[in-house]
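Peer 1: pasting the structure only:
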């Protein structure tokens, strides 16, 4: 039986790697997730005959728990709207972290003297710590993106407090190691509580704009925790899958942070919004409003229009209307291109997914490097629900917290139309100088409604 | 028991594999790929099953039960979400 189990785990590990590899290309991506899914089913099924699973009660509990957890996740995953995907990833990732922490708790509780080498025991403790942090941290990230928790909590000596909590957690971890095979339950409990608190404290001060990077980081951490648990449980499928995800997730986190031009340490330890206060005084000019019909005329008689979608488009579910607008413009002979900033929306690629859902073909969607030189020749740049990624202050003001972040040069276009819900500042809380520029007109309203106005405006021209 | 240097080799090779697999990914696939890797670490489910399987006290059974629920949520949720996201790439290519 051991041979069959090992063979199945080996097959699962291979399938995961092939699956991930295929997911890295748009052509084979769908096959990739199916392969990985087959690997998961094989590994799960074979685990039912694992010799370490004993007792009928435990079998029943396992089946019930899989049904409950899997059922809830299936139900929620199927019905969540596309725009809420980022927080669902955070949620499911947190669950994985929590599961790893649970394994750590049970292994350490059952530990008998001399059963586990110091190295393996430290992996158990470390995996538990990382898993618990990823669990509570991901839940906070979920709450923030879902809008359950709106504020960012910051207080004076926050970083000192965080450091203190972390040091205390490590100390307790050391205590668990020092007690060898006889771990005090209360020390164990305090260790996990502190680790959970640390995850919360660490995530609270991070602003929503940085959440994609944070979620990706927690994803990598959960992977690492799962890998460590694999070493503890002597389970090669978990080892390989966990470490592969840990490494891939770390790289993905770096790619995202690089796209925002912010080192990961900045995301985690700097106070994004707080730094921007008091620097907005120098905004000159005023925001100039425009009617939907006028904006429609402006676009209808343009030669080239570049559309810049942002999170606002996702919130308003305006991608279908935008595609309709695009088709109308194309029929009139207007060249329409989409410009996607690497961190537009809440996640890299978020906008691409939404536009793909609406049916916008790949070949009119461009990323930052490809299109930034074209704004000079564009008649209209239509900004829908994007803010910080078009803020020229990132080029001009070294004082600004977003200084140096590559932006889309929408302000170079002859005319800029900005569709925006209200007059407030963007997600980062930084005033956007583009909105005050002479060639900018503001079209206030919900993204979908504004796009509908533009469509009817263009249809009236005939 | 996989221990010592063999474990270290597995760790090293798996880390390089993960790095290589992601290294040349277009930006549009970042989110689906994060979701996909999120699904892959749902393999933690297997570990939680074993952990609950040798739980002896009610406390351990409660912790184990919660862990299996969470692990199953990670695996199933991760799959559903990734599949839905990648589904769109198909439809957009078809309409091209």
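Peer 2: Yep, it's here. This structure is a prediction, so every number in the text was calculated from the model and none was measured. Numbers count the residues shown, from 1 in each chain, chains lettered A, B, ... in the order given.
Peer 1: low-confidence ranges in chain B?
Peer 2: By pLDDT under 70, the low-scoring segments of chain B are B:1-3, B:27, B:89-96.
Peer 1: for it, what spans make up the helices?
Peer 2: Per DSSP state H, chain B carries helices over the ranges B:4-23, B:30-40, B:44-53, B:58-94.
Peer 1: in CSV: these, plus distance to chain A and mean neighbour count.
Peer 2: From N, CA and C alone the C-beta is placed, and that goes for glycine too. CSV is the format used below for these (distance: least, C-beta to the nearest C-beta, whole Å; neighbours: other C-beta atoms under 10 Å in any protein chain shown):
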stretch, distance to chain A, mean neighbour count
helix B:4-23, 3, 16
helix B:30-40, 4, 31
helix B:44-53, 3, 30
helix B:58-94, 3, 23
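Peer 1: residue A:318 is nearest to which of those?
Peer 2: With C-beta to C-beta as the criterion, residue A:318 lies closest to helix B:58-94 of the helices of chain B, at 16.4 Å.
Peer 1: just want the angle from that closest one to helix B:30-40.
Peer 2: 150 degrees (axes from the mean of the first three to the mean of the last three C-alpha atoms, to 10 degrees).
Peer 1: TSV for the helices of chain B, including distance to residue A:324?
Peer 2: Formatted as TSV, the entries for the helices of chain B read as follows, by distance: least, C-beta to C-beta, whole Å:
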stretch	distance to residue A:324
helix B:4-23	36
helix B:30-40	24
helix B:44-53	43
helix B:58-94	15
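Peer 1: which of those helices sits closest to residue A:141?
Peer 2: Once C-beta to C-beta is applied to those, the stretch that comes out nearest is helix B:30-40, at 12.6 Å.
Peer 1: so which other helices or strands are in contact with the closest one?
Peer 2: Other elements packing on helix B:30-40 under the criterion 3 or more C-beta pairs under 8 Å, 6 or more residues apart in numbering or on different chains; DSSP states H and E are helix A:2-23, helix A:29-47, helix A:85-110, helix A:211-233, helix A:236-259, helix A:350-358, helix B:58-94.
Peer 1: which one of the ones you listed has the lowest average pLDDT?
Peer 2: Mean pLDDT per stretch puts helix A:350-358 lowest among these, at a mean of 82.
Peer 1: what's the pLDDT at the closest residue to residue A:459 other than its chain neighbours?
Peer 2: Closest residue in space to residue A:459, ignoring its immediate chain neighbours: residue A:328 at 7.1 Å, by C-beta to C-beta, 6 or more residues apart in numbering or on different chains. If you check residue A:328, the pLDDT there is 93.
Peer 1: so residue A:417, which of the three states?
Peer 2: Using DSSP: H, G, I helix; E, B strand; the rest coil, the secondary structure recorded for residue A:417 is strand.
Peer 1: which residues in the stretch 351-462 of chain A form helices?
Peer 2: A:368-371, A:393-396, A:447-461 (DSSP state H, counting those that start in this stretch).
Peer 1: rank the ones you listed by pLDDT, which is bottom?
Peer 2: helix A:393-396 (a mean of 83).
Peer 1: now that helix, how far from the centre of its chain.
Peer 2: Here helix A:393-396 shows a centroid-to-chain-centroid distance of 25 Å under the convention C-alpha atoms, centre = their mean, to the nearest Å.
Peer 1: helices or strands next to that helix in the packing?
Peer 2: Contact partners of helix A:393-396 among helices and strands, from 3+ C-beta pairs under 8 Å, 6+ apart: none.
Peer 1: buried residues of the host helix or strand of the residue nearest to residue A:459, list them for me.
Peer 2: With elements delineated by DSSP states H and E, residue A:328 resides in helix A:319-331, which encompasses its position. Using 16 or more other C-beta atoms under 10 Å in any protein chain shown as the test for burial, helix A:319-331 gives A:319, A:321, A:322, A:323, A:324, A:325, A:326, A:328, A:329.
Peer 1: where in the stretch 251-400 of chain A is pLDDT low?
Peer 2: Judged by pLDDT under 70, the stretches of the stretch 251-400 of chain A that qualify are A:260-262, A:270-284, A:346-348.
Peer 1: what does it have sitting close to chain B?
Peer 2: Residues of the stretch 251-400 of chain A lying close to chain B (C-beta under 8 Å from any C-beta of the partner chain) are A:251-252, A:255-256, A:259, A:340, A:342, A:347-350, A:352-353, A:355-357, A:359-363, A:367.
Peer 1: quick one on the thing from earlier: adding mean neighbour count, write the helices of the stretch 351-462 of chain A out as TSV.
Peer 2: Listed next are these as TSV, based on neighbours: other C-beta atoms under 10 Å in any protein chain shown:
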stretch	mean neighbour count
helix A:368-371	15
helix A:393-396	18
helix A:447-461	19
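Peer 1: how much space separates the residue nearest to residue A:459 from residue A:449?
Peer 2: Taken as C-beta to C-beta, to the nearest Å, the spacing of residue A:328 relative to residue A:449 amounts to 17 Å.
Peer 1: then residue B:55?
Peer 2: Counting by C-beta to C-beta, the gap from residue B:55 to residue A:449 is 55 Å.
Peer 1: ditto for residue A:374
Peer 2: When distances are taken as C-beta to C-beta, residue A:374 and residue A:449 turn out to be 28 Å apart.
Peer 1: repeat for residue A:83
Peer 2: With distances taken as C-beta to C-beta, residue A:83 is found 17 Å from residue A:449.
Peer 1: equivalent analysis for residue A:202, please.
Peer 2: Residue A:202 sits 39 Å away from residue A:449, taking C-beta to C-beta as the criterion.
Peer 1: show the end-to-end separation of stretch A:258-269, please.
Peer 2: With C-alpha to C-alpha, to the nearest Å as the measure, stretch A:258-269 spans 16 Å from end to end.
Peer 1: same thing with stretch A:136-155?
Peer 2: In terms of C-alpha to C-alpha, the two terminal residues of stretch A:136-155 are separated by 20 Å.
Peer 1: same thing with stretch A:77-85?
Peer 2: Distances were taken as C-alpha to C-alpha; on that basis the terminal residues of stretch A:77-85 are 9 Å apart.
Peer 1: and residue A:24, what's its pLDDT?
Peer 2: The predicted structure scores residue A:24 at 85 on the pLDDT scale.
Peer 1: look up phi and psi at it.
Peer 2: The phi and psi values for residue A:24, taken as degrees, to the nearest 10, are phi -80, psi 0.
Peer 1: follow-up on the earlier one: of the residues of the stretch 251-400 of chain A next to chain B, buried ones?
Peer 2: Listed as buried from these are A:251-252, A:255-256, A:259, A:340, A:342, A:347-350, A:352-353, A:355-357, A:359-360, A:362, A:367; burial here means 16+ other C-beta under 10 Å.
Peer 1: need the contact list for residue 54.
Peer 2: I went with chain A, as the question did not name one. B:53, B:54 (C-beta atoms under 8 Å, 6 or more residues apart in numbering or on different chains).
Peer 1: wait, chain B
Peer 2: By C-beta under 8 Å, 6+ apart, the residues touching residue B:54 are A:52, A:53, A:54, A:58, A:110.
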